[in-house]
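**Student:** Could you look at this predicted model? Sequence included:
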Amino acid sequence: MAIFQSPHLLVLTFGILGNVISFFVYLAPLPTFYRIWRKRSTEGFHALPYLVALFSSTLWLYYAFLKTNVFLLITINTFGCVIEFLYFIVFVTFATDPARRLTMRIFGVMNMGLLGLILVSIHFISKSSDRVKVVGWICVAVSVSVFAAPLSILRQVVRTKSVEFMPFPLSFFLTLSAIMWFAYGLLLKDICIAIPNVMGFILGLLQMVLYGIYRKRKEEKEKLPEQLKNTSCGAAEVHPVTDANKNDAQNQTNQCAV
């Protein structure tokens, strides 16, 4: 059977791996939304990253239907649309009135207005192959902007010399996801799938390098209070100070579809 022959088997393999890894990446904000649900408050979190992720997933889903031979792109972006919409529902349910109104306006403008305009405009293009190209490059532009979002986190890490806002597991799986989808796009000879994931891989690798650099510095700083504590005498006591866990900030900027 043709599907079990190279390169079809490789396409299937990388597509399935991309689905599995991206599935867990999409679920990364669950602790944040569980916290929102439990406390009945959004606590200053922002909905924009999830609305952008929903917008991106919807566009990729539309692209996959136009292209017709990328079923694994359909499966992951269908899941992405569902989970991101659920995040949106939870957010507006527990947001303050000003935050809810702002979120609804952004959703209306981007996820309904802009998306609707794109879908309607595409139908004026007569050739189906041209439709695929136009939608594909729109998807590339949106995905690149999504991948560029963590740049603010990288600046913050360099400025503060702290990795508390950049959890390593999420950076690792985002990088791994970019590799899988790049290989998938390359094997399909689909430049629109491959290109944005090159940037995703580079940024993910940079995140992990910075994590290695500043995590080591953090550990060295934490050793000093322990040494002082062990050598202290009399009434003097020095207690080690640890940073609070603030991983939710990274989860809000790293949502990407393919």
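**Tutor:** Looks like it came in fine.

**Student:** could you show me where the helices are in the chain, in order?
**Tutor:** 8-26, 30-39, 48-67, 71-94, 97-106, 115-122, 128-148, 151-160, 168-187, 191-231, 248-253 (DSSP state H).

**Student:** Quick one: mean pLDDT for the shortest one?
**Tutor:** Helix 248-253 shows a mean pLDDT of 48.

**Student:** what do you get for the third one?
**Tutor:** Averaging pLDDT along helix 48-67 yields 94.

**Student:** orientation of that helix relative to helix 97-106 in degrees?
**Tutor:** Interaxial angle, helix 48-67 versus helix 97-106 (axes from the mean of the first three to the mean of the last three C-alpha atoms, to 10 degrees): 20 degrees.

**Student:** List the buried residues of helix 48-67.
**Tutor:** For helix 48-67, the neighbour count (16 or more other C-beta atoms under 10 Å) marks 49-64, 66-67 as buried. Glycine gets a C-beta too; all of them are placed from N, C-alpha and C.

**Student:** before we move on, the earlier item: which of the helices of the chain comes out lowest on mean pLDDT?
**Tutor:** Mean pLDDT per stretch puts helix 248-253 lowest among the helices of the chain, at a mean of 48.

**Student:** quick one: Val52 and Cys139, what's the gap?
**Tutor:** Val52 sits 13 Å away from Cys139, going by C-beta to C-beta, to the nearest Å.

**Student:** Quick check: Gly114 vs Val120, distance?
**Tutor:** Quick fix: residue 114 is Leu, not Gly. With the distance defined as C-beta to C-beta, Leu114 ends up 11 Å from Val120.

**Student:** Going by how many neighbours each has, rank those two and give me the top one.
**Tutor:** Leu114 (13 against 9; other C-beta atoms under 10 Å).

**Student:** List the buried residues of stretch 197-217.
**Tutor:** Asn197, Val198, Met199, Gly200, Phe201, Leu203, Gly204, Gln207, Met208, Leu210, Tyr211, Tyr214.

**Student:** ok, now stretch 80-87?
**Tutor:** Across stretch 80-87, burial judged by 16+ other C-beta under 10 Å covers Gly80, Cys81, Ile83, Glu84, Phe85, Tyr87.

**Student:** distance of the nearest residue to the last one once chain neighbours are set aside from Leu59?
**Tutor:** Spelled out, that is Tyr87. Spatial nearest neighbour of Tyr87, excluding adjacent residues (C-beta to C-beta, 6 or more residues apart in numbering): Tyr50 at 4.5 Å. From Tyr50 across to Leu59, the span is 15 Å (C-beta to C-beta).

**Student:** so Val144 touches Pro196, yeah?
**Tutor:** Yes. The pair Val144 / Pro196 is scored as a contact, 5.2 Å apart, by C-beta atoms under 8 Å.

**Student:** okay, the two: which has more neighbours?
**Tutor:** Pro196 (27 against 15).
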